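Trainee: Generate coordinates for the sequence data below:
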Amino acid sequence: MHYLTFMFPIWLLYMLLTGNWAANNILTGLVLAGLVTLLVRPVKRPFAWKRLPDALLASVIYLVRLLWDLLISGLQVARIVLTPSLPIKPGIVAIPAKCESDWGVALSAHAITLTPGEMVVEIDDDGVMYTHMLDASNPDEQVEAAQNIRRNLLSRIFV
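Mentor: Purely as a prediction, here's the structure:
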């Protein structure tokens, strides 16, 4: 039964995005929502209503922070690319996710990969994200603060 509570919002989002309420599209949406549900296999957890306001606030802060990081990184990459000497020191940096949930690790890796100049190339079993950085000259300073903020926000959302 809890699969249906996961499947319904996916189906509804599909229907709203396509805007096509024909019978074949409704069926297609149900099949896709079912496949996504089977791939994700959500675990049933008790819902704590008293946690909802904090989780929503953390979600909004996370999205604003992500957009800010995208803007700043985009400007930094543009500066690097437009500089004639191309001052880059690429490298792969190990970033420990330290998130308690798989969703937290996945969203943290997604946020890093979305950021221009960085891309997660592998996540090991311990949750360490191996990230290719365009400028890996001072990885400890650049990574630790951003990852701590992401980790704190994601733990407020998913715990």
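
Trainee: separation between residue 26 and residue 19?
Mentor: As judged by CB to CB, to the nearest Å, residue 26 and residue 19 stand 12 Å apart. C-beta: built from backbone N, CA, C; applies to glycine.

Trainee: By mean pLDDT, point me to the weakest helix or strand of the chain.
Mentor: The helix or strand of the chain with the poorest confidence is helix 139-158; it has a mean of 81 (mean pLDDT, DSSP states H and E).

Trainee: Would you indicate which residues of that helix are buried?
Mentor: For helix 139-158, burial by neighbour count (16 or more other CB atoms under 10 Å) applies to 139, 143, 146, 147, 150, 151, 153, 154, 156, 157, 158.

Trainee: Could you list the low-confidence segments of the chain?
Mentor: Filtered on pLDDT under 70, the chain yields the residue ranges 1, 141-142, 159.

Trainee: Contacts for the least confident helix or strand of the chain, please.
Mentor: Under the criterion CB atoms under 8 Å, 6 or more residues apart in numbering, residues 54-55, 58-59, 61-62, 65, 69, 91, 93, 95-101, 103-104, 107-108, 111, 131, 133, 135 lie in contact with helix 139-158.

Trainee: so how far is that helix from its chain's centroid?
Mentor: With CA atoms, centre = their mean, to the nearest Å as the basis, helix 139-158 stands 12 Å off its chain's centre.
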